[in-house]
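K.L.:
What follows is a predicted structure for the sequence shown.
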Amino acid sequence: MEMWLHDALVSLSFFFLYFQAASVTSAEDPTFNDDVLGLIVFKAGLEDPLSKLASWNSEDYDPCSWVGCVCDPATNQVTELRLEGFSLSGHMGRGLLRLQSLHTLVLSNNNLTGALNSELTQRGTLQVLDFSGNNLSGGIPEGFLEQCGSLRSVSLGRNRLTGPLPVSLSYCSTLTHLNLSSNQLSGRLPRELWFLKSLKSLDLSHNFLQGDLPSSGLLGALYDLRHLDLSTNSFSGHLPSDIGACSSLTWLDLSHNYFSGNLPVSMKSLRSCSFLRLRGNSLLGEIPDWIGEMGSLETLDLSANNFSGNAPFSLGNLLSLKDLNLSSNFLAGEIPHSIISNCSNLLSFDASMNSFTGWMLFSSQSLSGNLGFLQALRLLDLSSNALFSGEIPSNIWILTSLVHLNLSTNSLFGSIPSPIGRLKLVEILDLSSNLLNGTLPSEIGGALSLKQLNLQRNHLTGHIPPLISSCSALNTIDLSENKLSGGIPGSIGSLSNLQYIDLSRNNLSGSLPKQVEKLTHLVTFNISHNSITGELPAGGFFNTIPLSAVTGNPSLCGSVVNRSCLSVHPKPIVLNPNSSNPASGPPLSGQIRKSVLSISALIAIGAAAFIAIGVVAVTLLNVHARSRVSRHDAGAALAMSVGETFSCSPSKDQEFGKLVMFSGEADVFDTAGANALLNKDCELGRGGFGVVYKTSLQDGRPVAVKKLTVSGLIKSQEEFEREMRKLGKLRHRNVVEIKGYYWTQSLQLLIHEFVSGGSLYRRLHGDECVCLTWRQRFSIILGIARGLAYLHGSNITHYNLKATNVLIDAATGEAKVSDFGLARLLASALDRCVLSGKVQSALGYTAPEFACRTVKITEKCDVYGFGILVLEVVTGKRPVEYAEDDVMVLCETVREGLEEGRVEECVDAMLRGDFPAEEAIPVIKLGLVCGSQVPSNRPEMEEVVKILELIQCPSQEFE
Ligand SMILES: *[C@@H]1O[C@H](CO)[C@@H](O)[C@H](O)[C@H]1NC(C)=O
Ligand SMILES: *[C@@H]1O[C@H](CO)[C@@H](O)[C@H](O)[C@H]1NC(C)=O
Ligand SMILES: *[C@@H]1O[C@H](CO)[C@@H](O)[C@H](O)[C@H]1NC(C)=O
Ligand SMILES: *[C@@H]1O[C@H](CO)[C@@H](O)[C@H](O)[C@H]1NC(C)=O
């Protein structure tokens, strides 16, 4: 519909312009050029996204200066229009019909659509028409070539033309070039085609044409034909017996059709033929001797046919030959020596996939120098001739131009000659599937252009030479199924282009060099069936490799082989024999719990060492599920063996862990980090929800890792992860930053910022307690308040505020709130009474409403805990202190002191009166208000911060 409208508009404007022009074209304006009109109408019908036709201006008197136009200087009329590759689209319209003198029309490589318009060719002036590389569709109308008396050259290649060739072709007796390649033309060739006596070039390749070629008597008329390309169609039958009559042929391509039978003898008359390609047909019989008479041949491609017998010696007479392809036939016997000794222009020689036998290249005569005739040779493919045997000549490096050498799947024996590394240009070297023995010479490092090295399936011994790392372009190394020994050289880590590496089925030993982790482009990595030991790298690609790629190395460890690397670490933990029956043991109890926890944490970290770290976490579940063997998470499995008590159903722990780092850095815990957890000194503390350890990422940065001890209660990974992502976004100077987490059903780790100064609890009550000054205490209180206010502002309730959960930065003295958000996660799973039991170590901090089921718990419970903390910081006393026969509840003690007017006595004695009372007293009062029994009496943390900022003595503010 739109197209129709568009066309209508264009023709309308055409007629409008036509009449306007007619009225102007008169004696008074002799300079007016009718071509301007035609071209403007033509332009109006097109889209010109690159404004290539900007110079086409309807105000001009003549179009001779317009882009693409050539005029006859005598008449100022356009004779040539060349708009090649202008990105024009749309329909051609009828404007061009106005150009009276046009003889050359080149619109190739645009995006013109629509059908061919017969009127264009029917005016009898056009000689050259090139519409190739457009998007023209429909058939070639009979009328298109009916009055083509003037046409010399027609190119319609690379369009979407369909249907048969028009019979009217026969009228084009002057046609010299016809190119209809790469369309969707179908049907048989009309006999009339062969009457085009002037044809020099006929290209019908890449269509769906079919049928036989005339068997005789027709082709002979085409004595001027130089270029005939019928390749990639569905032609069948025998090759025309009189093909030799086309004696001018220099280029004959009949490849990829269904031609059968023998090569017609007349072919030998094609003395000018330099390009003969018959690849991919069903031609058979012997390659005739007379082939040697086609002395101009530069390319001879007889590949992928059914030729049999010996290759004729006369091939050696083709002295101009550059490209000889005999591959994929049934040729037998020796490759004629004449080729090697005569065809000194040969660039490419492919004799692969035949049944050639013998020694040819590899005989002692060839060693002595004949090889030197092939100095220009770039490709030599003699692969897959099973009986082809001999040694690789040691002077093979004479072939200095070789880029591609394929001698695979033969019976070559002996060793790889060490000078092979002198093939400086060789990119593909394939000697696979032979009987080669000896070593891989370290001179291979000299093959600086090498991209692909295939030596698999031989009998090679010795080591992989570390010098192989000099071949910096290598992307493929296949040394599988040899008898190589020794280690994998770490230097391969520098081959940064490596994508495919297969070392499987050798006798390689030693540990896998860490450097392989640097190979970031790996697609395949196979070291199976060797004796490689040590740890598989973790992360990225290495988490995705299948078990089959590493299997058969009994001492290899890592998550992919489901073998923990812990056994290679020192093992200082003595398991409690009582823990042998974990199921009946009480959860989280006493000594057992202690050892279980540290082992679990250790194992978790150990397991984590094999897990990719990154924003896109990799779940190994899939890999795991694919393997036949039922395996356990290294962590979970070991944890079970030592009495994993906090997992609800450890036997269901079939998954691997998932480690997510919010920073997106590809950090990995190193073994040292994991080992560090064996060390009791690395335990930073433990609480109601977990044990915290210090360890470091591989780059040395310390982190704290919290192993959740209540993890069995967290049922939903989704919920856990959602919560973690939320927490991971928090950034505040008074809130400990969560850097990541690790999840398995039975084991969860929280990775957070390591804060160097320890907990507030240790500062206040610890053994090596260094007395905090008033100023420090005030700033800690303010810091906690700000941190909490930020959390509440982010919709996060802490639930578990206490002195051990406030950390102090050693450098700045800033307080940082930690351990937030976890209780919420559990609160959804737990009865709140159980929860308050869990956090009973927070005794004294727990808001009274926790005990009361009917009161909704809000962030006000944090305000309560904060109030208690304030009192604790100011007084230096624990929230609840046990004396001999008495329990002192801090809050009550202070409240009494306030009521009795001796509140100053409550302040920590360690300060020895060195504090500003005008700050201390309001702070204590604030603490008491915050710790009030009724939630609604407690202020918001936001307000608390403001109050504290007000309380702060102005003189101290900027300290
Ligand atoms: C050709 O035109 C069609 C629509 O007319 C457009 O979708 C396509 O992208 C164009 N192709 C090129 C190569 O410009
Ligand atoms: C050819 O035209 C069709 C629509 O007629 C369009 O979908 C297609 O993209 C075009 N092809 C190219 C190569 O521009
Ligand atoms: C025929 O046209 C195609 C596409 O434009 C081109 O690639 C090919 O070389 C042409 N054939 C001849 C013989 O010029
Ligand atoms: C290689 O094999 C050949 C015979 O096949 C044998 O003579 C030669 O000693 C072997 N060389 C090595 C290094 O094993």
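P.N.:
Yep, it's here. The model shown is predicted, which means the values in this text are computed figures rather than measured ones. Ligands and ions are numbered 1, 2, ... in the order given.
K.L.:
Please count neighbours and contacts with C-alpha atoms only from this point.
P.N.:
Noted.
K.L.:
Mind listing the strands the helix or strand residue 332 falls within pairs with, and their directions?
P.N.:
Secondary structure assignment for residue 332, by DSSP states H and E: strand 330-333. Using DSSP bridges, strand 330-333 pairs in its sheet with strand 306-310 (parallel), strand 355-356 (parallel).
K.L.:
Which of these has the lowest mean pLDDT?
P.N.:
Note on the strands paired with strand 330-333: lowest mean pLDDT is at strand 355-356, with a mean of 92.
K.L.:
Distance to residue 248 and mean neighbour count for the strands paired with strand 330-333 - can I get that in CSV?
P.N.:
Shown next, in CSV, are the strands paired with strand 330-333 (distance: least, C-alpha to C-alpha, whole Å; neighbours: other C-alpha atoms under 10 Å):
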stretch, distance to residue 248, mean neighbour count
strand 306-310, 26, 20
strand 355-356, 35, 26
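K.L.:
Rebuild these as JSON lines, extending it with distance to residue 822.
P.N.:
Shown next, in JSON lines, are those (distance: least, C-alpha to C-alpha, whole Å):
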{"stretch": "strand 306-310", "distance to residue 822": "75"}
{"stretch": "strand 355-356", "distance to residue 822": "73"}
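K.L.:
Could you report the distance from the closest residue to residue 513 other than its chain neighbours to residue 767?
P.N.:
Once flanking residues are discounted, residue 513 sits nearest to residue 490: 5.1 Å by C-alpha to C-alpha, 6 or more residues apart in numbering. The gap separating residue 490 from residue 767 is 50 Å, by C-alpha to C-alpha, to the nearest Å.
K.L.:
So if I had to pick from those two, which one is more boxed in?
P.N.:
With neighbours defined as other C-alpha atoms under 10 Å, residue 490 and residue 767 compare such that residue 490 has more, 15 against 8.
K.L.:
picking up where we left off before, for the strands paired with strand 330-333, which one sits closest to ligand 4?
P.N.:
When the strands paired with strand 330-333 are compared by C-alpha to the nearest ligand atom, strand 355-356 sits nearest ligand 4, at 20.3 Å.
K.L.:
Quick one: residues in contact with the closest one.
P.N.:
Strand 355-356 is contacted from outside by 330, 331, 332, 333, 334, 335, 384, 385, 386, 387, 388, using C-alpha atoms under 8 Å, 6 or more residues apart in numbering.
K.L.:
rewinding a little: show me which residues of the very next helix or strand once past the strand holding residue 332 are buried.
P.N.:
Toward the C-terminus, strand 330-333 is succeeded by helix 337-342 as the next helix or strand (DSSP H and E). For helix 337-342, burial by neighbour count (16 or more other C-alpha atoms under 10 Å) applies to 337, 338, 339, 340, 341, 342.
K.L.:
Off-centre distance for helix 337-342?
P.N.:
Centre-to-centre, helix 337-342 and its host chain are 47 Å apart (C-alpha atoms, centre = their mean, to the nearest Å).
K.L.:
could you dump it to CSV, C-alpha only?
P.N.:
Taking C-alpha atoms only, helix 337-342 is exported to CSV below (Å, rounded to 0.1, in the frame of the first residue of the first chain):
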residue,chain,number,x,y,z
HIS,A,337,58.3,-36.6,-8.5
SER,A,338,58.1,-34.3,-11.5
ILE,A,339,55.9,-32.0,-9.6
ILE,A,340,58.5,-31.4,-6.9
SER,A,341,61.3,-31.1,-9.3
ASN,A,342,59.7,-28.9,-12.0
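K.L.:
I'd like the next helix or strand past it.
P.N.:
Immediately after helix 337-342, counting by DSSP H and E, sits strand 348-350.
K.L.:
Which strands or helices does that following strand pack on?
P.N.:
Secondary-structure packing of strand 348-350 (3 or more C-alpha pairs under 8 Å, 6 or more residues apart in numbering; DSSP states H and E): strand 323-325, strand 379-381.
K.L.:
and these as JSON lines, adding mean pLDDT?
P.N.:
What follows is the helices and strands packed on strand 348-350, written out as JSON lines (pLDDT from 0 to 100):
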{"stretch": "strand 323-325", "mean pLDDT": "97"}
{"stretch": "strand 379-381", "mean pLDDT": "95"}
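K.L.:
of the contacts of strand 355-356, buried ones?
P.N.:
330, 331, 332, 333, 334, 335, 384, 385, 386, 387, 388.
K.L.:
any chance of those residues in JSON lines, with pLDDT and distance to ligand 1 too?
P.N.:
Below are the buried ones among the contacts of strand 355-356 laid out as JSON lines (pLDDT from 0 to 100; distance: C-alpha to the nearest ligand atom, whole Å):
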{"residue": "330", "pLDDT": "96", "distance to ligand 1": "44"}
{"residue": "331", "pLDDT": "95", "distance to ligand 1": "45"}
{"residue": "332", "pLDDT": "93", "distance to ligand 1": "49"}
{"residue": "333", "pLDDT": "90", "distance to ligand 1": "51"}
{"residue": "334", "pLDDT": "88", "distance to ligand 1": "51"}
{"residue": "335", "pLDDT": "88", "distance to ligand 1": "48"}
{"residue": "384", "pLDDT": "94", "distance to ligand 1": "42"}
{"residue": "385", "pLDDT": "90", "distance to ligand 1": "45"}
{"residue": "386", "pLDDT": "76", "distance to ligand 1": "48"}
{"residue": "387", "pLDDT": "75", "distance to ligand 1": "51"}
{"residue": "388", "pLDDT": "82", "distance to ligand 1": "50"}
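K.L.:
residues in contact with residue 503?
P.N.:
Under the criterion of C-alpha under 8 Å, 6+ apart, the neighbours of residue 503 are 478, 479, 480, 481, 526, 527, 528.
K.L.:
so the third one touches residue 459, yeah?
P.N.:
No - under the criterion of C-alpha atoms under 8 Å, residue 480 lies out of contact with residue 459, with a separation of 10.2 Å.
K.L.:
Assumed residue 508 was part of a strand.
P.N.:
Yes - Residue 508 forms part of a strand when assessed by DSSP: H, G, I helix; E, B strand; the rest coil.
K.L.:
quick one, what contacts the residue lying closest to it once chain neighbours are set aside?
P.N.:
Nearest residue to residue 508, sequence neighbours excluded (C-alpha to C-alpha, 6+ apart): residue 485, at 4.4 Å. Going by C-alpha under 8 Å, 6+ apart, residue 485 touches 461, 462, 463, 464, 506, 507, 508, 509.
K.L.:
name the element the closest residue to ligand 1 within the stretch 701-850 of the chain belongs to?
P.N.:
The stretch 701-850 of the chain approaches ligand 1 most closely through residue 725 (42.1 Å), counting by C-alpha to the nearest ligand atom. Using DSSP H and E, residue 725 sits in helix 717-728.
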